[in-house]
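Undergrad: can't give you the sequence, but here's the structure:
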């Protein structure tokens, strides 16, 4: 892929950095959308956020899940109903308190999160491979600093068994950093 000419800019210019981050954000949103494309008939982006939350947190009460996602309990209930109808989540009685119902992923729900995560990882890896090694190192340094400044926790290593919450870590799920 040919290199585009880049305008010469002051590297300390906040507007220039902000513009570069916004462009990268647009690219990452496109990657995210493509990674969800295979499941978009069954799962919306907000529903996928719910799947990721259940995947990373385990079984949860509806009220806790709604708070985590910063949605009304009635909205969370509608989302859960759709995920249950799609075979991606189930309700079960809390063994510790039989008056409570917990929501959790089915095997199909866990596979859906894993498949979308794998597609996203593969596409980002393909983009990163097109960078020169020194650009990769600079990108890691810059993004690490950016993520730390924004309070976003680091992604688990690729060989970890649990996928990262796909950009909806504790800070962006309403739990603070």
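TA: Here it is on my side, so go on. No experiment lies behind these values; they were computed from the predicted model shown.
Undergrad: what does stretch 77-97 contact?
TA: 42-43, 46-47, 50-51, 54, 59, 61-62, 65, 71, 100-106, 108-109, 112 (C-beta atoms under 8 Å, 6 or more residues apart in numbering). Using the backbone N, CA and C atoms, a C-beta is placed for each residue, glycine as well.
Undergrad: Quick check: PyMOL command selecting the buried ones in those residues.
TA: Selecting only the buried entries of these in PyMOL, with 16 or more other C-beta atoms under 10 Å as the criterion:
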select buried, resi 42+43+47+50+51+54+59+62+65+71+102+103+104+105+109+112
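Undergrad: Tell me the gap between stretch 89-103 and the middle of its chain.
TA: 26 Å (C-alpha atoms, centre = their mean, to the nearest Å).
Undergrad: First residue to last residue on that stretch, what's the distance there?
TA: 7 Å (C-alpha to C-alpha, to the nearest Å).
Undergrad: what about that stretch, average pLDDT?
TA: The pLDDT scores in stretch 89-103 average 89.
Undergrad: among the contacts of stretch 77-97, which are in strands?
TA: Mapping the contacts of stretch 77-97 onto strands (DSSP state E) picks out 100, 101, 102, 103, 104, 105.
Undergrad: and these as CSV, adding distance to residue 36?
TA: Shown next, in CSV, are the ones in strands among the contacts of stretch 77-97 (distance: C-beta to C-beta, whole Å):
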residue, distance to residue 36
100, 31
101, 28
102, 26
103, 21
104, 21
105, 16
